[in-house]
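> Fold the following and give me the result.
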Amino acid sequence: MADLNDALPSGGEAKTSSLVEQAAIVLLCMGEEPAAAVLRCLSREELLEVTQVMSRLSGIKVDAVKTSMQRFFEDYREQSGVHGASRSYLKRSLDLALGSDIAGNVLNSIYGDAIRPKMARLQWASPKWLADRIAHEHVRMQAVFLAFLPPTQASMVIEALPEASRDLVLLNMARLQEIESELLLELEEIVARCLDELGTQSAMVEGTRQVAEIINRLTGDKRQMVELLRAHDPQVVSEIEVSMYDFFMLSNQTEEVLTRILDEVPLEQWAMALKGAEPSVRNAILRAMPRRQAQSFEDLLRRAGPVPLSRVDQSRKEIMAQVKVLADAGEIQIQLFAETVVE
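Residues are numbered from 1 along each chain as shown. Predicted coordinates:
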């Protein structure tokens with residue numbers, strides 16, 4: 001099933017949303033195993049859409065079930081009862097009809113399309129896990145594998161491959177035009193192996209980074225929490241403190257410290273870095289500026305249009321690198337935490 005709307009008859013008078021609901025009803029009526037077989041044929045977006053509707057359905061009226069099933073079977077009766085031919089059957093028939101060379105091209109086209117639904121199931125795998133699965137394959141095989149993935153996922157898998165080989169993989173992908181049957185068979189074996197092992201993949205979590213983000217946002221005594229953690233594992237806490245050196249920590253700094261940092265960073269870079277920043281960070285920077293400069297800066301922020309997130313992240317990294325230089329040189333005293341003060 002290539003499209004969710006194919007799960008049920010088109011029913012010209014029905015809206016797309018109602019078709020998804022009808023598909024959900026039919027799937028619920030099928031039972032777990034048949035429904036699972038259908039769900040495996042859907043794209044990620046289609047699967048999420050129909051399963052969300054399935055999870056929300058309750059107290060389904062008999063008429064709704066009857067209508068959905070009736071339309072489903074009306075479409076079913078219109079389909080041919082002839083099963084598809086196997087690859088070997090097609091190859092023998094096409095060899096006789098067209099000759100082996102032309103038959104090979106036709107089969108490559110057919111089975112190139114046939115493998116896409118299998119590859120679509122790999123969109124649930126993490127890029128690092130997929131990169132590990134193909135890291136020891138030859139470069140041309142890696143290129144073929146990635147060519148069948150969605151571009152966004154393929155780019156993340158390439159980034160997870162060894163840096164030294166990425167250019168060759170991309171070059172081989174750019175040169176792909178027709179894929180030989182031998183490569184397609186090899187690809188089918190790799191994909192089948194990946195699908196068999198899909199349930200064993202692990203999840204990658206940046207633990208120290210996550211803890212740093214949490215501590216930076218705690219409202220209690222952050223320093224006490226860090227010292228408690230340090231008593232258990234000083235090395236891990238050192239890594240946490242490095243991760244805490246992030247853009248958000250600027251909201252915890254004194255105006256004196258922020259004024260010194262402002263002297264080192266151009267306003268244009270601040271305008272980029274503060275795009276989408278938390279209000280506490282933005283307000284802290286504005287308070288540290290002279291009034292006229294703050295007014296000019298707010299005008300600059302208003303004039304600045306949408307910018308890529310990558311540029312925002314890069315500007316923040318550059319600013320924090322400059323902050324670390326100043327802190328290491330002893331020119332500023334950085335607070336990793338929002339200190340509790342008394343009058």
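> From here on, just use CA atoms for contacts and neighbour counts.
Noted.
> per-residue pLDDT, Leu161?
Note on Leu161: pLDDT of 91.
> And for Val38?
Confidence for Val38, expressed as pLDDT, is 83.
> Count the neighbours of it for me.
15 (other CA atoms under 10 Å).
> Then Ile319?
Neighbours of Ile319 (other CA under 10 Å): 22.
> Leaving out the residues flanking it, which one is nearest to it?
Distance criterion CA to CA, 6 or more residues apart in numbering; nearest residue to Ile319, sequence neighbours excluded, is Val265 at 6.9 Å.
> ok, now how distant is that neighbour from Leu176?
46 Å (CA to CA, to the nearest Å).
> do the same with Arg223
According to CA to CA, Arg223 stands 56 Å off from Leu176.
> Same question for Ile115.
Counting by CA to CA, the gap from Ile115 to Leu176 is 16 Å.
> and if you look at Ala23?
Ala23 is 38 Å from Leu176, by CA to CA.
> got the domain boundaries for the protein?
Domains of the chain are assigned by automatic domain parsing as 4-78, 87-200, 245-328.
> rewinding a little: neighbour-wise, which of Ile115 and Leu176 wins?
Between Ile115 and Leu176, counting by other CA under 10 Å, Ile115 is the more crowded of the two (16 against 12).
> how about the more buried one, what does it touch?
Residues counted as contacts of Ile115 (CA atoms under 8 Å, 6 or more residues apart in numbering) are Glu188.
> That one is in what secondary structure piece?
Taking DSSP states H and E as the definition, Ile115 sits inside helix 100-120.
> Can you name the element that comes right after that helix?
Of the helices and strands lying after helix 100-120 in sequence (DSSP H and E), the nearest is helix 127-134.
> Just want the angle from the next helix or strand after that next one to helix 127-134.
Counting by DSSP H and E, the next helix or strand C-terminal to helix 127-134 is helix 139-147. Put simply, helix 139-147 runs at 140 degrees to helix 127-134, going by axes from the mean of the first three to the mean of the last three CA atoms, to 10 degrees.
> Buried residues of the helix or strand just after helix 139-147, list them for me.
Downstream of helix 139-147, the first helix or strand assigned by DSSP H and E is helix 151-160. By neighbour count with 16 or more other CA atoms under 10 Å, helix 151-160 contains the buried residues Gln153, Ala154, Val157, Ile158, Ala160.
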